[in-house]
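Asks: Any chance you can model this:
(chains A and B)
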2 protein chains.
Amino acid sequence: MQRYFTKTRKDNQFILSKEDMYHIKVVMRMKDNDSIEVVYENKVYICNLYKDTILMEKEEITNYSKKIYTILCIPLLQEQKMSFVLQKATELGIDEIIPILTSRSIVKLENKQDKKLERWNRIVKEASEQSKRITIPKIREVQKISDLHLEGLKIICSTIEKENTFKKVLKNNSKCDKIIMVVGPEGGLSISEEQILKGIGFIPVTLGQNIMRVETVPIYLLSVLNYEMME
Amino acid sequence: MQRYFTKTRKDNQFILSKEDMYHIKVVMRMKDNDSIEVVYENKVYICNLYKDTILMEKEEITNYSKKIYTILCIPLLQEQKMSFVLQKATELGIDEIIPILTSRSIVKLENKQDKKLERWNRIVKEASEQSKRITIPKIREVQKISDLHLEGLKIICSTIEKENTFKKVLKNNSKCDKIIMVVGPEGGLSISEEQILKGIGFIPVTLGQNIMRVETVPIYLLSVLNYEMME
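Replies: Take a look at the predicted model:
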C-alpha cells in the first residue's frame, strides 16, 4: 500500500500536500474507497480516499524498534551523488543528516542552501515513503567541521588511520545509543580537519583495505550498524 | 597512480588494450616517463610509459589479504541499476557474479546475453582499476535458479523468512571460506523459487526490518561481510 507523510490532521481527516494529492489522483490514479497509509506523528493510519479527502479508518500497530540514533555528516557532493546518499541512507534508517563544509570538497554552497535543503528534504521524504519508515530523516543546515559539537559516539572515516578499525570502536562502545559519523570528500579529510575533529572528541577509524567511493561509505556504515543491531 | 589490468606480457613490456591506451594517451594525456600501475596475474607492477610501450619498472609488494570468497547471484536488472550493483559490488570486493533468471524480474534476456556480458565485464574491469583491486570479478553466464549447484555457505535474502537473521547464520558459520548469496528481484523471489533453492542447500535469511531496494541489498551484504572479516 502506498504510504504518505503528513503533519496535518483534522478530526478523522488527514490533509496531504498538493504534491502528494497529485501523486494519489494523477500518478497512481486512485479512486474513491482506495486505501493508503498515512504517517502522522510517527504512527501509521490506514485511510480511505473519498472525493478529495483522506479519511482515517484505523491505526496500524507497528512494532518498529530502533536501538541507536544515527547521524551522518557528509561533505557537499555533486547533486546526483547527494541524491543517491540521501536515498540510500534513508532506506537504511538514518535519523539525521548534516551536510558539512570540507576543504577538499569540489562542490560549493554558493548561496543555494535554501534551494538545496528543499530538494534534499523532498528526496528523504519520498525515500521514507517508499521504504515504509515512520519517521523522515532530519536534514540540518550546512555546518563547518569545527561546529560539530555533538554528544554520542563520534567517529571519523579516516584515510589516515590504519590500526583502529570501525569494528574495534563499535565493539568497545556496544552500549552507545547515538552515533555520529563523519565521511570525508574525495581525497579524504585533510590532516588539519581530522585534528579539529579529534579536538572535539571524534575518533578516527579505518574501514579496511577496500577503496570505496565517497557515496559508498555511508551505505557501508549504515549496513554495518543495522547488522550489529540485529539479533 | 592510474591502474590498468592486462593479460599480456612480453619480457619487461606489458600490452594493454586499445581502450586503455586511448585512456592513457588521450584522456589522461600522459607523456613519456609518466608512471602507471599495471596488474598482471594478480600482481601490481609500477611501469613507465615510453612512446607507445609500457615498460615494467618494478613489482609493487601488496599485502592484500582476503579471507572469504564471495559469490553474488542477482536477478536481471534494468541496465542503470545493474551497472550500479556491478560497480559497488566490485568496490566492496566481490569475487564472482552470477546473473539469474527469476519469475518476478521485469527485465528479460532477449538473446542479448553476449552484448550484456561484454558491457558488464567492462564495468567491473573499470571499477576494479578505480578501487585498486588486484583481481577483476568474474561474471558468469545467466543461470536458472535450479542450476545454482555450488559449494559453500549458501544464503537466500528472503522476504518470507522472519526469524533466521543473516547475523545468526554468519555467526554459526564463522569459519566458512566461501559464501554464495542470492538476492531476489523487486517483489522478492516466489515461494516456489525459495523452495527450489532450499532443496539445493540454500538457507533463507532476513536482513532485518528495513525495506531496501533490490540494488541496495548487495551493498548491504558485502559491507557486512567486509566488516565481519575486519579485525
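Asks: separation between the residue nearest to A:Thr165 when sequence neighbours are not counted and B:Lys51?
Replies: Among residues not flanking A:Thr165 along the chain, B:Met230 sits closest, at 5.0 Å (CB to CB, 6 or more residues apart in numbering or on different chains). Where you see a C-beta, it was placed from the backbone N, CA and C, and this is true even at glycine. Distance, B:Met230 to B:Lys51, by CB to CB, to the nearest Å: 44 Å.
Asks: higher neighbour count, the two?
Replies: Taking other CB atoms under 10 Å in any protein chain shown, B:Met230 and B:Lys51 do not tie; B:Met230 has more neighbours (16 against 6).
Asks: Do you know the pLDDT at the more buried one?
Replies: At B:Met230, the pLDDT value in this model is 81.
Asks: does it really touch A:Gly208, like I thought?
Replies: Yes - look at B:Met230 against A:Gly208 with CB atoms under 8 Å: they come within range, at 5.2 Å.
Asks: what is in contact with these two at once?
Replies: In the contact map built from CB atoms under 8 Å, 6 or more residues apart in numbering or on different chains, the residues linked to both B:Met230 and A:Gly208 are A:Thr165, A:Phe166.
Asks: and stretch A:192-212, C-alpha only, in CSV?
Replies: Presented in CSV, the C-alpha positions along stretch A:192-212 are these (Å, rounded to 0.1, in the frame of the first residue of the first chain):
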residue,chain,number,x,y,z
SER,A,192,44.1,19.6,10.0
GLU,A,193,40.4,18.8,9.6
GLU,A,194,41.0,15.4,11.3
GLN,A,195,42.9,17.3,14.1
ILE,A,196,39.9,19.7,14.6
LEU,A,197,37.5,16.8,14.9
LYS,A,198,39.8,14.9,17.2
GLY,A,199,39.9,18.0,19.3
ILE,A,200,36.2,17.9,19.8
GLY,A,201,36.1,14.1,20.6
PHE,A,202,35.9,12.4,17.3
ILE,A,203,37.8,9.0,16.9
PRO,A,204,39.4,8.3,13.5
VAL,A,205,38.7,4.8,12.3
THR,A,206,39.7,2.8,9.2
LEU,A,207,37.0,0.9,7.2
GLY,A,208,39.5,-1.7,6.0
GLN,A,209,41.5,-2.2,2.8
ASN,A,210,38.8,-1.7,0.2
ILE,A,211,39.0,1.7,-1.6
MET,A,212,35.4,2.9,-1.6
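Asks: Tell me if that stretch is near chain B.
Replies: Yes - applying CB under 8 Å from any CB of the partner chain, one finds stretch A:192-212 touching chain B at A:Leu207, A:Gly208, A:Gln209, A:Asn210, A:Ile211, A:Met212.
Asks: Report the buried members of the residues you listed.
Replies: A:Leu207, A:Gly208, A:Gln209, A:Asn210, A:Met212 (16 or more other CB atoms under 10 Å in any protein chain shown).
Asks: Against B:Asp147, how distant is the last one?
Replies: When you say that, I think you mean A:Met212. Using CB to CB, A:Met212 is found at 32 Å from B:Asp147.
Asks: can you check the first one too?
Replies: Applying CB to CB, one obtains 35 Å for the distance of A:Leu207 from B:Asp147.
Asks: Longest helix in chain A, by number of residues?
Replies: helix A:113-130 (DSSP state H).
Asks: who touches it?
Replies: Applying CB under 8 Å, 6+ apart, the contact partners of helix A:113-130 are A:2-5, A:79, A:82-83, A:86-87, A:90-91, A:97, A:99, A:109, A:135-137, A:139, A:141-142, B:211, B:213.
Asks: got the residues of chain A near chain B?
Replies: A:64-65, A:88, A:91-93, A:130-132, A:165-168, A:207-213, A:216, A:219-220, A:223-224, A:226-227, A:229-231.
Asks: quick one: the helices in chain A?
Replies: A:18-22, A:79-91, A:113-130, A:166-172, A:191-199, A:217-229.
Asks: These into a markdown table, with extra columns for mean neighbour count?
Replies: Listed next are those as a markdown table, based on neighbours: other CB atoms under 10 Å in any protein chain shown:
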| stretch | mean neighbour count |
| --- | --- |
| helix A:18-22 | 14 |
| helix A:79-91 | 20 |
| helix A:113-130 | 16 |
| helix A:166-172 | 16 |
| helix A:191-199 | 15 |
| helix A:217-229 | 22 |
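Asks: so which of those helices comes closest to B:Met21?
Replies: Of all the helices of chain A, helix A:79-91 sits nearest to B:Met21, with 29.5 Å by CB to CB.
Asks: neighbouring contacts of that closest one?
Replies: Outside of helix A:79-91, the residues within contact range by CB under 8 Å, 6+ apart are A:72, A:74, A:76-77, A:97, A:119-120, A:123-124, A:127-128, A:130-131, A:133, A:136-137, A:139, A:214-215, A:218-219, A:222, B:210-213, B:216, B:219.
Asks: Stretch A:33-47 now?
Replies: Everything outside stretch A:33-47 that qualifies as a contact, by CB under 8 Å, 6+ apart, is A:1-7, A:9, A:14, A:16, A:24, A:30, A:48-50, A:54-60, A:62, A:132-135.
Asks: Straight-line length of that stretch, end to end?
Replies: 9 Å (CA to CA, to the nearest Å).
Asks: Please state the offset of it from the chain centre?
Replies: With CA atoms, centre = their mean, to the nearest Å as the basis, stretch A:33-47 stands 22 Å off its chain's centre.
Asks: Likewise for stretch A:118-133?
Replies: Distance of stretch A:118-133 from its chain centroid, counting by CA atoms, centre = their mean, is 9 Å.
Asks: Please could you give me each C-alpha atom of it, formatted as CSV?
Replies: Only the C-alpha atoms of stretch A:118-133 are listed here, as CSV (Å, rounded to 0.1, in the frame of the first residue of the first chain):
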residue,chain,number,x,y,z
GLU,A,118,14.3,22.0,-0.1
ARG,A,119,15.4,19.5,-2.7
TRP,A,120,17.2,17.2,-0.2
ASN,A,121,14.1,17.2,2.1
ARG,A,122,11.9,16.2,-0.8
ILE,A,123,14.3,13.3,-1.5
VAL,A,124,14.3,11.9,2.0
LYS,A,125,10.5,12.3,2.4
GLU,A,126,9.9,10.2,-0.8
ALA,A,127,12.5,7.6,0.2
SER,A,128,10.9,7.4,3.7
GLU,A,129,7.5,6.7,2.0
GLN,A,130,9.0,4.1,-0.3
SER,A,131,10.9,2.3,2.4
LYS,A,132,7.9,2.4,4.7
ARG,A,133,9.6,4.3,7.5
